[in-house]
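# build me a structure from this.
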Amino acid sequence: MAFMLINRLTATTGRRDEVVRNLIDAGKRFDDNAACLLYLVAESTDADDAIWVIDLWTSETDHAAALQDPELQPSIAATTPLLTGMPQQIRVNARGGKGVPDG
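Here you go, the predicted structure:
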């Protein structure tokens with residue numbers, strides 16, 4: 001079964017645009033990674049500082065390996081101080097739909 005996370009991040013006041021840019025740029029590292037089935041960055045419409053990131057990977061192991069990429073570490077280091085705390089991660093099971101692998 002695929003591995004999926006819905007992440008809620010909260011930017012410090014006035015820094016959401018910068019966090020969104022950082023997340024989108026960091027996500028470009030996954031473009032050529034066949035294990036990354038979906039990486040989506042979205043801004044909340046009801047909370048000025050809230051950001052949602054949805055990840056869908058072939059496996060939890062592949063997701064963890066991608067996060068260890070040394071080229072990704074500067075993006076993580078630059079973005080973390082712009083957040084009010086650690087992201088809230090919600091693990092969900094992708095059961096079907098466009099982009100969801102069978103099984």
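
# which residues touch stretch 15-28?
9, 11, 39, 41, 43, 48-51, 53, 72, 75-76, 78-79, 82-83 (CB atoms under 8 Å, 6 or more residues apart in numbering). Quick note: C-beta positions are derived from backbone N, CA and C, even for glycine.

# in the helix ranked longest in the chain, which residues are buried?
Identified as the longest helix of the chain according to DSSP state H is helix 16-27. Residues Arg16, Val19, Val20, Asn22, Leu23, Ala26, Gly27 are the ones in helix 16-27 that count as buried (16 or more other CB atoms under 10 Å).

# could you turn the buried ones of the contacts of stretch 15-28 into a ChimeraX selection?
Here is the ChimeraX command that selects the buried residues among the contacts of stretch 15-28 (16+ other CB under 10 Å):
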select :9,11,39,41,49,51,53,75,79,82,83
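
# on that earlier part again, which element follows the longest helix of the chain toward the C-terminus?
With elements assigned by DSSP states H and E, the helix or strand that comes after helix 16-27 is strand 36-43.

# after that next one comes which helix or strand?
Downstream of strand 36-43 (by DSSP H and E), the next one is strand 50-57.
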